[in-house]
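Enquirer: After the sequence you'll find the predicted model.
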Number of protein chains: 2
Amino acid sequence: MSSATRLPATASDPDPSRRNNLALIATLVHHHGVLSRAELTRRTGLNRSTVGTLVGQLVALGLVYEAAPSGEAQVGRPSPDVRPDPSTAALAVNPEVDAVTIGLVSLGGKVQKKIRFATERIPTAKEAVNIAAAVIVGMRSELDASYRIVGIGLAVPGLVNRADGVVRHAPHLGWRDEPVARMLGEATGYPCLADNDASLGAEAELIFGAGAGRGNLVYLNGGASGIGGGVIADGALLRGSAGYAGELGHTFVRTAGQICHCGASGCLETEVSQSRLFDLAGLGGGDASQLEAALRSKASAELAAEVARQLGYLGITLRNAVNTFNPDAIVLDGFLGILHALSPDTLDGLIRTQALDEAAGRARIYRAALGSDLMMIGAAELAFTRLLADPAGITALPAPPAKVR
Amino acid sequence: MSSATRLPATASDPDPSRRNNLALIATLVHHHGVLSRAELTRRTGLNRSTVGTLVGQLVALGLVYEAAPSGEAQVGRPSPDVRPDPSTAALAVNPEVDAVTIGLVSLGGKVQKKIRFATERIPTAKEAVNIAAAVIVGMRSELDASYRIVGIGLAVPGLVNRADGVVRHAPHLGWRDEPVARMLGEATGYPCLADNDASLGAEAELIFGAGAGRGNLVYLNGGASGIGGGVIADGALLRGSAGYAGELGHTFVRTAGQICHCGASGCLETEVSQSRLFDLAGLGGGDASQLEAALRSKASAELAAEVARQLGYLGITLRNAVNTFNPDAIVLDGFLGILHALSPDTLDGLIRTQALDEAAGRARIYRAALGSDLMMIGAAELAFTRLLADPAGITALPAPPAKVR
DNA sequence: AGCATTTTGTTCTGCGCACAAACATATTAG
DNA sequence: CTAATATGTTTGTGCGCAGAACAAAATGCT
């Protein structure tokens, strides 16, 4: 027997019931931002006294703090506001073809800092990790002074195995089998997790964005790195057998279409692409806002036709998605959001007429509004999800900094 | 205050922890058929003594019985087998365009009885309910002697709201907004639930069929009533906002395809149809086995070409499904299963070359083997799921019959 | 201004449930 | 026939939640 045998029955596994209830309350507060204790008792169905104990424990853990009530004055003793403690925070990293963005997100989903580090060329995995590590190590002392960092989340445009944080294949970055989570974890000393960017975008939209409170949401993001998809089905992120589910960018939309880099033909991602719009608009490699302005003003016949063509293919994907997922909301981000904003009725009309009426239901199409903050929030959720699943497990982490609020 | 005010704090809501554990064990036994008590402790992680108490309670409830061990002899005191009590059973009803099938399924998923009642023409909802009710009432005394019926499950080829048991739209049956669950419940006195047939088929396959033990499964059934789809994602049936998710029969597979009854064009269901195969094979309205024989023997060039064409479109649907769901298994039922069986490598090759390599993973395509038993099992699961979620709630039901095993 | 009403926080007690330990039992190995 | 092993059974302990009684802090009515 090794000397480490027979650990004392640590408090690391308290009654599952308590862990569950702690997680429930912590998650509610994280998602809603403010919630009175009375509201917590109503939403959880737990007893007043129990909620009191649980909130007290979360306060002691530094996940939550109580403050004077801010809500409407009502008859009866006022119930204190419970808010997520912003000094508990996570780091977010999002490598793209032309930049690596690093952010600091506090519990409750507020982006406190965001640094976009532009790169000359497409970064390799090693380069992206080095950039992120350098930025993080650089602000480490500042972080330690004001925050307790619970981990790092990586949002990668590609197929990612969430379980081990390995990027199996990111075609637009040219990465294959890169253990980015481990690499960044070792470089910084923080626990690190990774997942597909669009999946994380879907989660962020579900919690803080257009889909707030809904259980069924389809998120599609169009960017320089093609089209990524993420799906929330019945309240949970769709993962699939190995975590590669939700690749709606490779939905079949056209018979005898172009050959996609994935090997098939007629994929959404090949028929609908940002670069073609940039070319036709006479823009070199500008950003999204320039594209939107160009599309709105000088609508050459050729450009208008291309927009219509792309909207048609996007409509086919949405029709499939509606029939497949019966969602409450569809959220379009990036240039797909721009296309939709140009004529909001087009796509809506397509799903009304082309999808099954019942499946379309009252589903609406939204344009994502959080921009690049969304990726930061989604990536940070990776770390927060782990934290919120077992709030008492936080004791292993460094002590929280002195409170300055 | 009415006299009924203030019910005694009934045992109907015991500690959620206990309900949960009871449900866990009952479900394990139902799914596996036989499980030693020792295995139950291992799988649940619960304490020996706890499992003992729980199994005892389930025995008292009549959901389970213990018997002499049947497994391999091993060192140590033998652990008794725990088996689902087959005298606890559910009724299953599956209306189709040419028949109504009624079945009796016992806990553990064994189909004890099955009656197919052929109809001259497509039954209306009222007719289907009347047929089912007549059959059920007819065998009522026989049932009461040997079984405790926990409810009825309806598997309907169409869009069904599982929550209230209303068939929103079953195009092939010509039903709209038919509250079939309520109708059959009132006609028989049994609690009654309804859902889409393919969704229930997917559940049945997951539990007892080719997908046993997997968490991600795509099920496609081709029959006289078109093509239905059901998806198990991350261990749970995909429902969507109103329960209409999984309609893979309306996946887009062809540009400028035929107009579907759903209003769109190029749907899988219009391009791939059983009746076209029957026509080309020179069969009037035979059954599936005749079709399979015909396809295997006299393969006219025309028929072969049609088979190839349909396989191509089916392949597109599977490619989309793989990219969307990253499943462990794809299960094809009905004539889709026949098409696949004719040349098993065709579809497999299509998803290997056309879908994303990573998403395809080690996914395999299976042909469903349970035939019409599958629908009975799936429908019965509707009643069993409710039962298993709160085994102690069974006390409201009639007492179990005297045991004859 | 004061009192009733309402709502919620707080404290204390009891109960149910799961676990662990000690003991009993039934099998295989030698 | 004995040792070893695995499992069922019994008993005691502790934890966490619910509920009741009480305290506190607001509104609203007179």
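Expert: Perfect, I can see it now.
Enquirer: hey, let's count contacts and neighbours off CA atoms from now on
Expert: Noted.
Enquirer: Where in chain A is the helix or strand with the lowest mean pLDDT?
Expert: In chain A, no helix or strand scores lower on mean pLDDT, DSSP states H and E than helix A:288-296, which sits at a mean of 86.
Enquirer: Packing partners of that helix?
Expert: helix A:335-342 (3 or more C-alpha pairs under 8 Å, 6 or more residues apart in numbering or on different chains; DSSP states H and E).
Enquirer: What residues sit buried inside the helix it packs on?
Expert: With burial defined by 16 or more other C-alpha atoms under 10 Å in any protein chain shown, the residues of helix A:335-342 counted as buried are A:Phe335, A:Leu336, A:Gly337, A:Ile338, A:Leu339, A:His340, A:Ala341.
Enquirer: ok, now stretch A:347-362?
Expert: Here stretch A:347-362 shows A:347-348, A:350-352, A:354-361 as buried, counting by 16+ other C-alpha under 10 Å.
Enquirer: Could I get the average pLDDT for whichever helix or strand A:Ala380 is part of?
Expert: Taking DSSP states H and E as the definition, A:Ala380 sits inside helix A:372-389. This predicted structure assigns helix A:372-389 an average pLDDT of 96.
Enquirer: Is that helix positioned near DNA strand D?
Expert: No - using C-alpha under 7 Å from any atom of the strand, helix A:372-389 stays clear of DNA strand D, coming no nearer than 13.8 Å.
Enquirer: That helix: how far from the chain's middle?
Expert: 6 Å (C-alpha atoms, centre = their mean, to the nearest Å).
Enquirer: That one - contacts with which helices or strands?
Expert: If you count contacts as 3+ C-alpha pairs under 8 Å, 6+ apart, helix A:372-389 packs onto helix A:16-32, strand A:88-95, strand A:99-106, strand A:110-118, strand A:148-156, strand A:192-196, helix A:197-208.
Enquirer: Run through the residues that contact A:Ala359.
Expert: A:Val322, A:Asn323, A:Phe325, A:Asn326, A:Pro327, B:Ala242, B:Tyr244, B:Ala245 (C-alpha atoms under 8 Å, 6 or more residues apart in numbering or on different chains).
Enquirer: The residue of the stretch 1-150 of chain A found nearest chain B: how many residues sit nearby?
Expert: Residue nearest to chain B within the stretch 1-150 of chain A: A:Ser17 (7.3 Å; C-alpha to the nearest C-alpha). When neighbours are counted by other C-alpha atoms under 10 Å in any protein chain shown, A:Ser17 registers 11.
Enquirer: Test my guess that it contacts B:Asn20.
Expert: No - judged on C-alpha atoms under 8 Å, A:Ser17 makes no contact with B:Asn20 at a distance of 10.9 Å.
Enquirer: Can you pull the residues that touch both of these two?
Expert: With C-alpha under 8 Å, 6+ apart as the test, A:Ser17 and B:Asn20 reach no residue in common.
Enquirer: SS state for the residue of the stretch 151-300 of chain A found nearest DNA strand C?
Expert: Using C-alpha to the nearest atom of the strand, the single residue of the stretch 151-300 of chain A nearest to DNA strand C is A:Gly213, 21.7 Å away. Recorded secondary structure, A:Gly213: coil (DSSP: H, G, I helix; E, B strand; the rest coil).
Enquirer: Kindly report the same for A:Ser241.
Expert: Applying three-state DSSP: A:Ser241 is coil.
Enquirer: got it, and the one 3 residues further on?
Expert: Counting by three-state DSSP, the backbone at A:Tyr244 sits in coil.
Enquirer: how many other residues sit next to it?
Expert: Neighbours of A:Tyr244 (other C-alpha under 10 Å): 30.
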